[in-house]
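Student: I would like the atomic coordinates for the input below:
(one chain, ligands or ions: 1)
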Amino acid sequence: MFSEKVRSIDISGIRKMFEGAGPNAINLGLGQPDFDTPEHIKKGAVQALSEGFTGYTANLGIPELRQALCGKFEKENHFSVRPDEIIVTSGASEALHLALSALIDPGDEVLMPDPGFVSYSALTKIAGGRATGVPLDEKLTMKPDAVNECITPKTKAIILNSPSNPTGTVEKKQEIKALAEIADDNDITIISDEVYEHFIYEGEHTSPAQFSDNVITINAVSKTYAMTGWRIGYAAARKDYIEQMLKVHQYIQACACSISQKAALAAITGPQDCVGEMRDSFKIRRDLLLEGLSAMGIRCVRPEGAFYAFPEVGDKDAAQKLLKSGVIVAPGEAFGNNGKGHIRISYATSEANLKRALGIMGKVL
Ligand SMILES: Cc1ncc(COP(=O)(O)O)c(C=O)c1O
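Tutor: Numbering: from 1, shown residues only. Reported below is the predicted structural model:
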């Protein structure tokens, strides 16, 4: 009765862990900041409500938000777009779905990091495509050579995610430039998922759209401003990409939530101190976690961004064992075959929780 496409995707391996957790478990499985949305952003939403801004908006998103995003891309990401080259979506998730739906015909291949964010392969399959994992190197980076080796005549897109979920890796500028050249040479689109761009502790963020216009840049206010529940993301790309993505968006979504768009406008145009404060506290927690892991002798590539560490624990049942002892982490294989033997630890939680969890890990692992 159900489609082959839907049967071919699994319930997320992370979700399964939550279902098995006790009420007092320490949750290091979450993919969201543990902070509340800043007040000035909430005020944007309250004002929208009190002004009755509760109807459909333009399909592409409210013009003032798209205009503000043009300024953000120019200033922070060093590339220029016009407001009609931006679409506001229901989270980065919808933007990924639109990009893949617009590009993929049945049997087309999408290259993606393995391990990589769980949605990439599922959304590729939903779009009718085939997901090809690009093995990461020993530093958990996606090397241009490794990408080159995976390209076939069927390859339509490469998904790049720096800083990465689940590894925390930040790709270097020269590697991103090389990837952009590969995309141009092979007429392949880069889908660049930049949702963690503001959480970088060493190194710097590079957008491939600086180097190529065969790029769909995807981002969201979700992580940057602690707004995961508001469901606002956005994509920037050449107008021909946005026009095709808009066709899908207008039928499945019509527009992103009007009230949340006003909150996102307040986030993008308002004071940015809240972002720096979150980044500073994530850095302290990252260092605490890395120290704890290293004291246990657990090998972990130093995550330079996002709020995840991806240590190699060598035990495929580690996540289950930790769960039984009251610590929720995501099993590495949830992120692809090459994630086996690892766990993903989210350190978007209090230092007290991290310390308690490290104590338990020391006994279990
Ligand atoms: C790499 C990455 N991309 C996209 C998303 C989805 O973001 P949103 O909540 O804006 O849909 C997530 C959420 O965990 C993520 O980790």
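
Student: who in the stretch 51-200 of the chain is up against the ligand?
Tutor: 91-93, 117, 161, 165, 193, 195 (CB under 6 Å from any ligand atom). For every residue, glycine as well, the C-beta is placed using N, CA and C.

Student: Mind picking the two most distant members of the residues you listed?
Tutor: With distances taken as CB to CB, the most widely separated pair in these is Gly91 and Asn161, at 15.0 Å.

Student: Tell me which residues are up against stretch 285-294.
Tutor: Residues from elsewhere that reach stretch 285-294 (CB atoms under 8 Å, 6 or more residues apart in numbering): 168, 201, 300, 302-303, 307, 309, 311, 345, 347-349, 351, 354-355, 358, 361-362.

Student: now the residues you listed: which count as buried?
Tutor: The neighbour-count test (16 or more other CB atoms under 10 Å) marks 168, 201, 300, 303, 307, 309, 311, 345, 347-349, 354, 358, 361 as buried among these.

Student: Show me the contacts of stretch 285-294 that map onto helices.
Tutor: Judged by DSSP state H, the subset of these located in helices is 351, 354-355, 358, 361-362.

Student: ok, so of those residues, who is nearest Pro153?
Tutor: The closest of those to Pro153 turns out to be Met361 (CB to CB; 46.0 Å).

Student: measure that closest one to Tyr201 for me?
Tutor: According to CB to CB, to the nearest Å, Met361 stands 22 Å off from Tyr201.

Student: quick one, what contacts Val170?
Tutor: By CB under 8 Å, 6+ apart, the residues touching Val170 are 162-164, 200, 202-205, 304-305.

Student: whoops, I mixed them up, Pro163
Tutor: Per CB under 8 Å, 6+ apart, neighbours of Pro163: 169-170, 196-197, 199-200, 205, 303-306.

Student: Helices of the stretch 251-365 of the chain, start to end?
Tutor: 258-269, 273-295, 318-324, 351-364 (DSSP state H, counting those that start in this stretch).

Student: Who are the packing partners of the third one?
Tutor: Judged by 3 or more CB pairs under 8 Å, 6 or more residues apart in numbering; DSSP states H and E, the packing partners of helix 318-324 are strand 330-331, strand 343-346, helix 351-364.

Student: now the last one: how far from the chain's centre is it?
Tutor: Mean C-alpha position of helix 351-364 versus that of the full chain (CA atoms, centre = their mean, to the nearest Å) differs by 26 Å.

Student: go on, the first one?
Tutor: Shown here is strand 330-331, whose average C-alpha point lies 16 Å from the average C-alpha point of the whole chain (CA atoms, centre = their mean).

Student: ok, it near the ligand or not?
Tutor: No. If you take CB under 6 Å from any ligand atom as the test, strand 330-331 misses the ligand, and the best it gets is 10.9 Å.

Student: pLDDT on that strand, on average?
Tutor: For strand 330-331, the mean pLDDT works out to 95.

Student: wait, isn't Lys363 in contact with Gly326?
Tutor: No. Using CB atoms under 8 Å, Lys363 is not in contact with Gly326, being 11.0 Å away.

Student: and these two? which has more neighbours close in?
Tutor: Shown here are Lys363 and Gly326; by other CB atoms under 10 Å, Gly326 has more neighbours (15 against 8).

Student: show me what contacts the nearest residue to Thr155 once chain neighbours are set aside?
Tutor: Leaving aside its chain neighbours, Thr155 sits nearest to Glu109 (4.7 Å; criterion: CB to CB, 6 or more residues apart in numbering). Neighbour list for Glu109: 129-132, 152, 154-156 [criterion: CB under 8 Å, 6+ apart].
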